[in-house]
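Visitor: Okay, predicted coordinates and the sequence, questions at the end:
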Amino acid sequence: MPIRSSLCLMTSLVRERAISPVELLNAHLRQIARLNPTLNAFVRLDEQRALDAARRAEQAVMRGDAMGLLHGVPVTVKDSFDWAGEPTLCGSRFRSGHRAAHDATAVARLREAGAILLGKTNCPEFLANYETDNHFTGRTNNPWDLERTPGGSSGGESALIAALCSAGGIGSDGGGSVRVPAHCCGIAALKPTPGRVSAAGHFPAIGHPGGLLGVAGPMARTAEDVRLLFAALAGYDSQDPFSAPVPLRAPDWDGMRVGLVPDWYGVPVEAGVSHALHAAARLLGEIGIPVDPFEPPGLERATASWFFFFSRLPAPALRKLVGEQPGTAHWTGVELLELAERESAPTAEDMLHQFAVRDRMRAALLRAMESCPVLLLPACGVMPWRHRQREWTIGDRTIGLLEAMAPVTPVNLLGLPAVTVPVTVVDGLPAGVQFVGRPYDEELLLELAVRFEEARGPFPAPPSALA
């Protein structure tokens, strides 16, 4: 089955004429027809345009034309990126009349690299939740267990990629939104440094101040695949206010050490998460990469500061948009809004204070990381959870949703890159970890993730994908 191949292998097979882009596309369409009715992960599947593009890609191969990095490979796009002529619904009724005039930069770069765009994938309303559900498409399910969420907000992407319906794609991450779904579905994902991958043409707009947190990031089944997608997507874009002219470069492996952070300031993690984390640490040691305990310095307020920027600061504007009428907005769009509204409305003084706190925390952590360039953390504090579950009892403590996400949100607050990779399967569910690096060290993180996966061996697909 060609769909079981990695994205990297698919590109090689197309180049070597071992499979045609049309054959590869049709294999994915058959898998989609079989599994998407239960996954419910597509907002729009554009079979005809994908077939037309695959035929053109096949003709280019036969002519011997120059080919892009992703030539002839089917990929998907989260429904928060503009696709010319199509709506960018972002899971909200308030976007029902939208039509994009232009491709988002990330979408344009996928096309330029020769990828075949299958369609747009499901997300929560306004990307404001860790579950993927909305008024338009409904609930997306995890291919490992349909009673569990694939995570959010890039849950449609993660579900389809894990289920072998898409070779890879593009998501976005403002508080774990590519990393948590990757953990939930057993795939890999990169949350880059802000500006490394253009987010121009994304909704909500990733400008100031939200662009300090939110980024566009590639997702695929392996870190090697993510590295190829990153190579196709990275680059300066004048339309992204965070974009920086940082070229792709070889990673600096000298002095490689990894700091182990088993939890975030004592917030407990579930046993399966802890098992994956320590298994990853042992495997790194076995391949000669030192792993030592690491305690982040002075970051106790990081999760609260992230929540200020992600939810409290935009809450008044969001409430004005959605109004007070019940049922107009979806529950995924207002769950964190209602939580933010329990606190006082932010003032200009609050915002300036939070920026100063954020900058001090970032400087302290980066100073500590000068001798330890990569950190190993849980990719989420809990295993893939049942739809709308919001409490977990771990030992003698009960934690809520934001505490469960404590290992991921500080990475967004501080503008650091991170790669999530799957490690193991626990009680039939995948568990991943994240490698966190210093700004613009994506190449180092991806090299580490690739070496880790080579030592780990192939990671299984969900049983439902192979039936």
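Guide: Received, thanks. No experiment lies behind these values; they were computed from the predicted model shown. Numbers count the residues shown, from 1 in each chain.

Visitor: Next, the buried residues of the least confident helix or strand in the chain by mean pLDDT.
Guide: The weakest-scoring helix or strand in the chain, judged by mean pLDDT, DSSP states H and E, is helix 315-322 (a mean of 94). Under the neighbour-count criterion of 16 or more other C-beta atoms under 10 Å, helix 315-322 has 315, 318-319, 322 buried. The C-beta positions use only the backbone N, C-alpha and C, and glycine is treated the same way.

Visitor: Would you mind pulling the contact partners of that helix?
Guide: Applying C-beta atoms under 8 Å, 6 or more residues apart in numbering, the set of residues contacting helix 315-322 from outside is 94, 126, 128, 328-329, 333-334, 337, 340-341, 345-346.

Visitor: in stretch 202-214, what counts as buried?
Guide: Result for stretch 202-214 [16+ other C-beta under 10 Å]: buried residues 202-204, 206, 210-214.

Visitor: Widest-spaced pair of the residues you listed?
Guide: Of all pairs drawn from the buried residues of stretch 202-214, the widest gap by C-beta to C-beta lies between Phe203 and Leu212 and measures 17.5 Å.

Visitor: How far does the least confident helix or strand of the chain sit from its chain's centre?
Guide: Distance of helix 315-322 from the chain centroid (C-alpha atoms, centre = their mean, to the nearest Å) equals 26 Å.

Visitor: May I have it exported as CSV, CA atoms only?
Guide: Extracted in CSV, the C-alpha atoms of helix 315-322 (Å, rounded to 0.1, in the frame of the first residue of the first chain):
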residue,chain,number,x,y,z
ALA,A,315,-11.6,38.4,25.3
PRO,A,316,-13.4,41.8,25.1
ALA,A,317,-13.0,41.9,21.3
LEU,A,318,-14.1,38.2,21.0
ARG,A,319,-17.1,38.8,23.2
LYS,A,320,-18.1,41.8,21.1
LEU,A,321,-17.9,39.6,18.0
VAL,A,322,-19.9,36.6,19.3
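
Visitor: Adjust the sequence numbering to begin at 18 for everything that follows.
Guide: Understood, numbering begins at 18; the last thing we discussed is helix 332-339.

Visitor: Can you name the next helix or strand after that helix?
Guide: Downstream of helix 332-339, the first helix or strand assigned by DSSP states H and E is helix 348-357.

Visitor: That following helix vs helix 332-339, what angle?
Guide: 140 degrees (axes from the mean of the first three to the mean of the last three C-alpha atoms, to 10 degrees).

Visitor: Could you export helix 348-357 as CSV, CA atoms only?
Guide: These are the backbone C-alpha positions of helix 348-357, laid out as CSV (Å, rounded to 0.1, in the frame of the first residue of the first chain):
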residue,chain,number,x,y,z
TRP,A,348,-18.8,25.8,22.6
THR,A,349,-15.2,25.4,21.3
GLY,A,350,-15.0,29.1,20.6
VAL,A,351,-16.3,30.3,23.9
GLU,A,352,-15.0,27.8,26.5
LEU,A,353,-11.7,29.6,27.1
LEU,A,354,-13.5,33.0,26.6
GLU,A,355,-15.8,32.3,29.5
LEU,A,356,-12.9,31.2,31.6
ALA,A,357,-11.1,34.4,30.8
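
Visitor: If you count contacts, what does the next helix or strand after it end up packed against?
Guide: For helix 348-357, the succeeding helix or strand toward the C-terminus, using DSSP H and E, is helix 365-385. Counting contacts by 3 or more C-beta pairs under 8 Å, 6 or more residues apart in numbering; DSSP states H and E, helix 365-385 is packed against helix 319-324.

Visitor: what sits up against the helix it packs on?
Guide: By C-beta under 8 Å, 6+ apart, helix 319-324 touches 192, 230, 281, 313, 357, 371, 374-375, 378, 419-420, 422-423, 426-427, 429-431.

Visitor: What of stretch 438-446?
Guide: By C-beta under 8 Å, 6+ apart, the residues outside stretch 438-446 that reach it are 161-162, 165, 199-200, 203-205, 240, 288-289, 292-294, 296-297, 400-401, 447-452, 466, 469-470, 473, 476-477.
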